[in-house]
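Participant: here is a sequence with its predicted model. Questions after.
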Amino acid sequence: MRLLLSSLLLAIAPAFAQSPPEDAHARAVAAGYKALTLCSAHFNAGRSQQQVEALELRGIYPEYDAQVRALQATVDARARMVAVAFDDAMPPRIAAWRPNLGCAQLPIGADAKAVDALPRFDTAAPDLDGEAWPLGERDATGQARGDAAALQHAVAAAFDTPQFGEGTATTGVVVLQDGRIVAERYRDGFGPHVAQRTWSVAKSLAGALIGVAVRDGVLDPMQPAPVPEWQQPGDPRAAITLDQLLRMSSGLHSDTAGNRTDALYFGGATVAEAATGWPLQAPPGTRYRYANNDIVLAIHALRAKTGDDARALARPFTDLFWPLGMTRTRAETDWRGGFVLSSQVWSTARDLARFGLLLQDDGVFDGRRLLPEGWVRAATTPSGPQPDDRDFGYGATLWLLQRSPGVPADTFAALGNRGQVVVVVPSRKVVIVRRGEDPAGHRFDTAAFAAAVLAVLD
């Protein structure tokens, strides 16, 4: 093993000119972006390095784009590891794959020997493919009620046409009606069993995982979130409730609003380091601010409440994914086992369609109740401050499309960066999943696509 790692390090050691420390750190973060993305796409999804560099690693955040393209990556298939060199004086950035938990990146400065200490959950996922849909893959498709030809045309228009967003890159669409797949299409290189990063759709998965814990009596969403780092006497953050975290109304300051938590996502920091230390900026429950940290903190609190790290690592799979038949979904952690469940989940379009069915049917899946009765209604009901600069309202980890033309008032969605979409229309028994790799600055029009699909279904 050590000979392999040594050979890997020698293979990725180009000379780097000396540069200011801040430039070196920016390169380290860019290298982490490349190492983690390539590791996850290759080992979770089976995508080749060439494919990933041509799509998943193009059109990313502008400040990292040129560096990510220039930095050289080495994939070690035997060790299931990716390394990206960025500085002569430092070890490369390394991301390593594990069963179920996908890829974790090591902190900046760690060498490959640290891979052996990464947390693991190696229990094999159940083999459910032979079971009937939605738990398995058998009899998954059905006939659309409505204009089937027009439905296929609407789905085709989402691929490489400007109808729903100039310059967007759709990789997959699945449409469910009455619980069956009535339309499905993929870009070359993708398919029903090819996973992609969910980005912030993971937040909605996190909300459901919290819901399962509430069902089991482990957590109470209206009580203060049990974040261990906030329990010192006099810490005002101890008053923040779990519900406020799920609704993005914690009042916590963060470096930027929106989907940027670079130290955690790409810099090798841990959840405990990166998310727990931010101070209050507003009284809890009085201000909406979209923040990755709020959802990361909710899952961090669940981990602390669980008390047992082995149980905590198993929980997303045994409590949510596998009961939904989501056996090809991976939830990734930091290098100390903290789930980055605000973004770093890799899942297939069909697995996300299964999740949509759970939400469509008020937390019941395939006849089994997984979420507390009324949980989905509460999660799709606005409460407290709302976003004032978005077309959609916000519930608890779910976006509300009630103001969108052409969709029923009960429509809601899980949304993520680069065009990840799960639209749920309970009143029409319709779920629409769209996967994408949209370049920065190009937005897929979720509401317009949903309206186009719904218009041709009965």
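Facilitator: Looks like it arrived, so ask away. All values derive from a computational prediction rather than experimental measurement.

Participant: and Arg311, that one's in a helix?
Facilitator: Yes. Secondary structure of Arg311 (DSSP: H, G, I helix; E, B strand; the rest coil): part of a helix.

Participant: any idea how far it is from Gln344?
Facilitator: Look at Arg311 and Gln344: by CB to CB, to the nearest Å, they are 20 Å apart. Quick note: C-beta positions are derived from backbone N, CA and C, even for glycine.

Participant: between the two, tell me which one has more neighbours.
Facilitator: Taking other CB atoms under 10 Å, Arg311 and Gln344 do not tie; Gln344 has more neighbours (25 against 12).

Participant: quick one: that one from Val364, how far?
Facilitator: When CB to CB is the yardstick, Gln344 and Val364 sit 28 Å from each other.

Participant: also Gly179?
Facilitator: From Gly179 over to Val364 the distance is 12 Å, taken as CB to CB.

Participant: before we move on, what about Ala331?
Facilitator: Spatial separation of Ala331 from Val364 under the definition CB to CB is 23 Å.

Participant: of those two, give the one with the bigger neighbour count.
Facilitator: When Ala331 is set against Val364 and neighbours are counted by other CB under 10 Å, the residue ahead is Ala331, at 28 against 15.

Participant: these two touch, right, the more buried one and Leu101?
Facilitator: Yes. Counting by CB atoms under 8 Å, Leu101 is a contact partner of Ala331 at 6.8 Å.

Participant: flag the shaky bits of the stretch 301-450 of the chain, pLDDT-wise.
Facilitator: Using pLDDT under 70 as the threshold, the predicted model of the stretch 301-450 of the chain has low-confidence ranges 389.

Participant: and for the stretch 1-150 of the chain?
Facilitator: Low-confidence segments of the stretch 1-150 of the chain, defined by pLDDT under 70, span residues 1-22.

Participant: in it, which spans are strands?
Facilitator: Taking DSSP state E, counting those that start in this stretch to define them, one finds strands in the stretch 1-150 of the chain at 73-76, 81-84, 93-98, 102-105.

Participant: same deal with the stretch 201-350 of the chain?
Facilitator: Defined through DSSP E, counting those that start in this stretch, the strands belonging to the stretch 201-350 of the chain, from first to last, are 330-331, 345-347.

Participant: return the list of strands paired to the shortest one, each annotated with direction.
Facilitator: So the one you mean is strand 330-331. Note on strand 330-331: by DSSP bridges, its sheet partners are strand 345-347 (antiparallel).

Participant: can you lay out the strands of the stretch 201-350 of the chain as CSV showing distance to Arg27?
Facilitator: Converted to CSV, these look like this (distance: least, CB to CB, whole Å):
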stretch, distance to Arg27
strand 330-331, 27
strand 345-347, 25
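
Participant: can you pull the contacts of Arg418?
Facilitator: If you count contacts by CB atoms under 8 Å, 6 or more residues apart in numbering, Arg418 has them with 197, 199, 436-438.

Participant: how about those residues in CSV, adding distance to Thr123?
Facilitator: Putting these into CSV (distance: CB to CB, whole Å) gives the following:
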residue, distance to Thr123
Arg197, 23
Trp199, 26
Gly436, 31
Glu437, 31
Asp438, 35
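
Participant: now, of the residues you listed, which are buried?
Facilitator: Using 16 or more other CB atoms under 10 Å as the burial test, those include 197, 199, 436-438 as buried.

Participant: possible to save those residues as a markdown table with distance to Met326 and secondary structure?
Facilitator: Converted to a markdown table, the buried ones among the contacts of Arg418 look like this (distance: CB to CB, whole Å; DSSP: H, G, I helix; E, B strand; the rest coil):
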| residue | distance to Met326 | secondary structure |
| --- | --- | --- |
| Arg197 | 15 | strand |
| Trp199 | 17 | coil |
| Gly436 | 20 | strand |
| Glu437 | 21 | coil |
| Asp438 | 23 | coil |
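
Participant: for these, which one is nearest Pro221?
Facilitator: Of all those, Pro221 sits closest to Trp199, with 24.0 Å by CB to CB.

Participant: can you tell me how far the residue lying closest to the closest one once chain neighbours are set aside is from Val345?
Facilitator: What sits nearest to Trp199 in space, not counting adjacent residues and going by CB to CB, 6 or more residues apart in numbering, is Gly416, at 3.3 Å. In this view, Gly416 and Val345 are 9 Å apart by CB to CB.

Participant: okay, those two: which has more neighbours?
Facilitator: Neighbour totals were compared for Gly416 and Val345, and Val345 leads with 34 against 24 (other CB under 10 Å).
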